[in-house]
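In: this one's structure only:
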């Protein structure tokens, strides 16, 4: 699903409402939740997160390779946005809660798109079958709104975009 940034004109679309596994894309909703809480003062971006308080998770990310075991919430968000850091994702998710991230997604109008679980090296019986699911139409809509600074307040959109500017993808 490809749309103009204003979101009004669809350039290309193939089954845009089909729900698919979306891997780490849903970490964006986590970042919106964190930015919203920082913006409203209910979360301090300088609050330390301890790596040891979260179960080890590997694959993507840098924190597992860094010597520091403590990051601020802001720095963890930078790692999530920049390199899809799994350990930082889980530390942030543990701090704000999966239920809050899912509620934020619903508040953003995401009906088919959601973060289902924390990142896991191995998914066991009883775990969500994948990290996240979503539809292209909903992702494009959210990204267009973010580009227009319409996700939450302008400050929230700006914070998420600032974190995303560090992306190596």
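Out: Perfect, thanks for sending it. Computed from a prediction, not measured in an experiment: that's the story for all the values here.

In: burial count for residue 13?
Out: Residues lying near residue 13 (other Cβ atoms under 10 Å) number 13. Yep, even glycine has a C-beta here, placed from its N, CA and C like the rest.

In: now swap in the one 4 residues further on and tell me
Out: Other residues within reach of residue 17 by the criterion other Cβ under 10 Å amount to 12.

In: distance check, residue 168 against residue 78.
Out: Between residue 168 and residue 78 the distance is 12 Å, computed by Cβ to Cβ, to the nearest Å.

In: who's more crowded, the two?
Out: Just comparing residue 168 and residue 78: by other Cβ under 10 Å the higher neighbour count belongs to residue 78, 21 against 8.

In: ok, that one - contacts?
Out: Counting by Cβ atoms under 8 Å, 6 or more residues apart in numbering, residue 78 touches 163, 166.

In: and for residue 137?
Out: Neighbours of residue 137 in contact, by Cβ under 8 Å, 6+ apart: 1, 13, 16, 17.

In: next step: the residues you listed restricted to strands.
Out: Assignment to strands by DSSP state E places none of these there.

In: closest one of those residues to residue 88?
Out: Nearest to residue 88 among the contacts of residue 137: residue 1, at 28.6 Å, using Cβ to Cβ.

In: the closest one contacts residue 16, doesn't it?
Out: Yes. Residue 1 is in contact with residue 16 according to Cβ atoms under 8 Å; the separation is 3.8 Å.

In: now list whatever residues contact both of the two.
Out: 10, 136, 137, 140.

In: skipping adjacent residues, who's closest to the last one in space?
Out: Going back to what we said before, that points to residue 140. Excluding the flanking residues, the one nearest residue 140 by Cβ to Cβ, 6 or more residues apart in numbering is residue 1, at 4.7 Å.

In: which parts of the helix or strand encompassing residue 91 are buried?
Out: Residue 91 is part of helix 86-96, with elements assigned from DSSP states H and E. Buried residues in helix 86-96, counted by 16 or more other Cβ atoms under 10 Å: 86, 87, 88, 89, 90, 91, 92, 93, 95, 96.
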